[in-house]
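In: Sequence first, predicted model second:
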Amino acid sequence: MQHDAMRPAPQPVGPPDGGALLAGADVAVLEGVRTIDGAVVDVEIAEGRVVAVADGAPRELAPPEGGSRDAAAERSLAGEPALRLDARGWLALPAACEPHAHLDKALTAARFSAGTGDDLVGAVAQWRELVPHIDGADVLGRARTAVERYAARGITTIRTHVDAPADGDPLRLLDALLTLREEPRDR
């Protein structure tokens, strides 16, 4: 990280009890953020990834240069240099994950008769009736929608189970999910 005299003043993130006002901004450093173990650190970010974590002992930080945090966000979103954010009072956590999904079955509930499949035995029976009519494109489309919903809510890793049905190509559901696995790699 740069020497203090060489770096621009950090912009405020917003009050710890409110929403972040800079959502979508290009952030270079979170200054004074607290980790889950209680340490106060500065987190350096490059290309959307944490590249360094350094001791961030609390210190007095200068107010934003030339305007409000909204103006700073607009500059960042317009492709200007990444921001340094005063994140004192904020907590940095690892990204959330979904450890148990069934993406091959995602968003199929509407295809079942009302009042059926309300328990595990009923759901399995309904799925067995439905799966012969499901192809890879169907799975890919529904699973893609489910993954987009997960991502919109901060989930960055999904562990999914997948069936190998006895009817038709037993790997068609797996093949669809393997195709989907490659799509978001660069996002």
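Out: That came in fine, so what should we check first? Quantities reported herein were computed from a predicted structural model and do not represent experimental measurements.

In: where does the protein have low pLDDT?
Out: Residue ranges of the chain with pLDDT under 70: 1-8, 14, 16-24, 56-81, 117.

In: All the helices of this structure, residue numbers only.
Out: 69-77, 120-130, 136-152, 172-182 (DSSP state H).

In: In a markdown table: the ones you listed, plus mean neighbour count and distance to Ile45.
Out: All C-beta spots, glycine's among them, are computed from the backbone N, C-alpha and C. Output for those, formatted as a markdown table (neighbours: other Cβ atoms under 10 Å; distance: least, Cβ to Cβ, whole Å):
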| stretch | mean neighbour count | distance to Ile45 |
| --- | --- | --- |
| helix 69-77 | 17 | 12 |
| helix 120-130 | 14 | 42 |
| helix 136-152 | 17 | 18 |
| helix 172-182 | 17 | 25 |
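
In: Please identify which of the ones you listed is closest to Val29.
Out: Closest approach to Val29 among the helices of the chain is made by helix 69-77 (12.4 Å; Cβ to Cβ).

In: Other residues contacting stretch 86-100?
Out: 10-13, 15-16, 30-36, 40-41, 43, 58, 61, 150, 153-159, 161 (Cβ atoms under 8 Å, 6 or more residues apart in numbering).

In: nope, stretch 141-154 is what I meant
Out: Here stretch 141-154 has contacts from 95-96, 98, 101, 103-104, 106-108, 158, 160, 176-177, 180, 183-184, 187, using Cβ under 8 Å, 6+ apart.
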